[in-house]
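K.L.:
A structural model of the following input is requested.
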Amino acid sequence: MRELAERPEDVPLVFAERFNSGDPAAVAEVYESAAVFVPEPGAALTGAEAQAANARFVGLGVPISVRPRHVYASGDTALLIVDWVIEGTDHDGRPVRIEGTATDVAHRGQDGRWRYVIDNPFGVGREAAS
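P.N.:
Model (predicted):
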């Protein structure tokens with residue numbers, strides 16, 4: 001399995017490889033401990049809730065493909081704009097297609113590896129109704 005990213009532009013590729021491995025614990029390593037995951041517009045999660053939400057996507061058993069569009073880095077912080085799609089057939093034989101353009105923030109840790117601080121997969125999608 002791919003090591004954690006040494007360059008910010010590689011974070012989405014590391015994430016995708018780990019996502020496609022089907023191992024939620026491997027995916028969780030791509031995030032800083034206090035990272036925010038936004039599984040749907042308006043729902044920012046952290047900690048165990050964020051990991052559980054991400055694990056539900058992994059649990060679909062459908063591969064993700066990613067295409068980094070833009071990476072803007074300043075020092076140890078980077079903004080990543082990433083087009084992605086989860087497409088295939090789930091464990092029950094149902095077709096799945098979920099896609100978006102993520103607006104993510106990554107940070108380089110003291111170990112020199114880049115991890116997500118904010119993972120907002122649906123980017124500027126409308127917020128959920130209140």
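K.L.:
can you map out the helices along this protein?
P.N.:
Along the chain, counting by DSSP state H, helices occupy 11-21, 24-28, 47-58.
K.L.:
mind checking which of those helices is nearest residue 88?
P.N.:
Of all the helices of the chain, helix 11-21 sits nearest to residue 88, with 10.3 Å by CB to CB. For the C-beta atoms, the positions are set from N, CA and C on the backbone; glycine is no exception.
K.L.:
got the buried residues for the closest one?
P.N.:
11-20 (16 or more other CB atoms under 10 Å).
K.L.:
Quickly name whichever of these is closest to residue 55.
P.N.:
The closest of the buried residues of helix 11-21 to residue 55 turns out to be residue 19 (CB to CB; 10.3 Å).
K.L.:
Low-confidence stretches in this structure?
P.N.:
Scanning the chain for pLDDT under 70 picks out the ranges 125-130.
K.L.:
let's go with 80 and repeat that
P.N.:
124-130 (pLDDT under 80).
K.L.:
Thought residue 101 was touching residue 85, still the case?
P.N.:
No. With contact defined as CB atoms under 8 Å, residue 85 does not reach residue 101; the gap is 10.3 Å.
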